[in-house]
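K.L.:
I need the structure of the sequence given here:
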Amino acid sequence: MFSMNVWRAWANSRNFKQETLLEKYKTVPVVLDATTKEELSFWMCRFVNEARRKDGSKYPPNTIYNIVTGIQRHLRDECKRPEINFFSLNEYIFASFRATLDAVMKERTAEGMGVVKHTENLTVDEETELWGKGVINKLTPKGLSYGGFFYNCKVFGLRGLSEHKQLQAEQFVMSKQEGRQHSGRVYCSSTLYNSCFEEQEVMQRSGHRSTAVRTYKRPSEEKLKEISNALQPPLPQTQSCDKEYTCPTPVKMRATSVNQTSFASTSQGVNGSNVLKIDLPPCIDTVIISKDGKDITLSI
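P.N.:
Numbering: from 1, shown residues only. Alright, predicted model coming up:
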């Protein structure tokens, strides 16, 4: 068993080190049949911190966790010790070991070990480039093969070689209309998201059964521009009256200057008469209208 091989290799190596003689327990048990819980908890804390691969590198967090569960399975099945459960909260003896294991896993995760990197999404420009360079084409067997693989990913959300192998001709319906593995599903999902389809519809087409499909959301350039534009500061406003601005009273405005103001407009009135509409700021209380040499004063 892999887990016990890792344990034995570490235990034998540790027993040759002088520092082991200075520990609470002087030797690391290679065989665990009769090891006490206290001694096992003590050495398991050292083990998860010190165990290394053959090249000297650390085990990723998930791997070290699986090794620990493998050792527990060995104790239960091979050593006939079902009473030992590292992960039971009722086992207070292993509390320090659980804390140590948790700290080691968090530390290695923070170091980037075992972190899955999401596949980069294909863009529309890259898809066009595949056609432009002839990687995908309708003239050669290889081009058709690449095209079939790519569009099975994009249209049906397939991922991995196994899902392509499971396809059957009966699953396709022919009509008159006419890569990368994991990124095909990413491209499928992000294209549907950017087309404003609901999450449930995206999950149905891509084959996801959980909200993990959300990790495939990739904003398009247009979406990013819309987001950027939405965060822009407001456009400068035209000057208006406020507490710090005192309008002269009265204000005299001639009809000849109507088109030069931002608050006046003309329209066609009843019986074809011309109407001048003036939108006054709040600070105006008197208006003088001048026409044909005559002034008419209006108090608002």
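
K.L.:
Could you list the low-pLDDT ranges of the stretch 151-300 of the chain?
P.N.:
159-160, 172-185, 204, 206-220, 224, 227-273 (pLDDT under 70).

K.L.:
Assumed residue 275 was part of a strand.
P.N.:
Yes: checked against DSSP: H, G, I helix; E, B strand; the rest coil, residue 275 lies within a strand.

K.L.:
In PDB, could you pull the C-alpha coordinates for stretch 113-132?
P.N.:
C-alpha atoms of stretch 113-132 as PDB (Å, rounded to 0.1, in the frame of the first residue of the first chain):
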ATOM      1  CA  MET A 113       0.600  23.400  -4.000                       C
ATOM      2  CA  GLY A 114      -2.300  21.300  -5.400                       C
ATOM      3  CA  VAL A 115      -4.200  24.400  -6.600                       C
ATOM      4  CA  VAL A 116      -6.000  23.600  -9.800                       C
ATOM      5  CA  LYS A 117      -5.500  26.200 -12.500                       C
ATOM      6  CA  HIS A 118      -8.600  27.000 -14.500                       C
ATOM      7  CA  THR A 119      -8.200  26.500 -18.300                       C
ATOM      8  CA  GLU A 120      -8.000  29.700 -20.300                       C
ATOM      9  CA  ASN A 121     -11.000  30.500 -22.300                       C
ATOM     10  CA  LEU A 122     -10.900  30.600 -26.100                       C
ATOM     11  CA  THR A 123     -11.900  33.900 -27.600                       C
ATOM     12  CA  VAL A 124     -13.900  34.600 -30.800                       C
ATOM     13  CA  ASP A 125     -10.700  36.000 -32.400                       C
ATOM     14  CA  GLU A 126      -8.800  32.800 -31.600                       C
ATOM     15  CA  GLU A 127     -11.600  30.700 -33.100                       C
ATOM     16  CA  THR A 128     -11.500  32.800 -36.300                       C
ATOM     17  CA  GLU A 129      -7.700  32.400 -36.300                       C
ATOM     18  CA  LEU A 130      -8.100  28.600 -36.300                       C
ATOM     19  CA  TRP A 131     -10.100  28.900 -39.500                       C
ATOM     20  CA  GLY A 132      -7.800  31.500 -41.000                       C
END
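
K.L.:
ranges for the strands of the stretch 101-250 of the chain?
P.N.:
Assigned by DSSP state E, counting those that start in this stretch, the stretch 101-250 of the chain shows no strands.

K.L.:
Angles on the backbone of residue 288, please.
P.N.:
Torsion angles at residue 288 (phi, psi; degrees, to the nearest 10) stand at phi -110, psi 120.

K.L.:
hang on, it packs against residue 295?
P.N.:
Yes: assessed by CB atoms under 8 Å, residue 288 is found in contact with residue 295 at 5.4 Å. C-beta: built from backbone N, CA, C; applies to glycine.

K.L.:
of the two, who's got more company?
P.N.:
The residue with more neighbours, out of residue 288 and residue 295, is residue 288; 13 against 9, by other CB atoms under 10 Å.

K.L.:
and residue 287, which of the three is it?
P.N.:
Applying three-state DSSP: residue 287 is strand.

K.L.:
So it versus residue 277, what's the distance?
P.N.:
13 Å (CB to CB, to the nearest Å).

K.L.:
Contacts only, for residue 56.
P.N.:
Residue 56 sits next to no residue when contact means CB atoms under 8 Å, 6 or more residues apart in numbering.

K.L.:
does it count as helix, strand or coil?
P.N.:
Taken by three-state DSSP, the conformation at residue 56 corresponds to coil.
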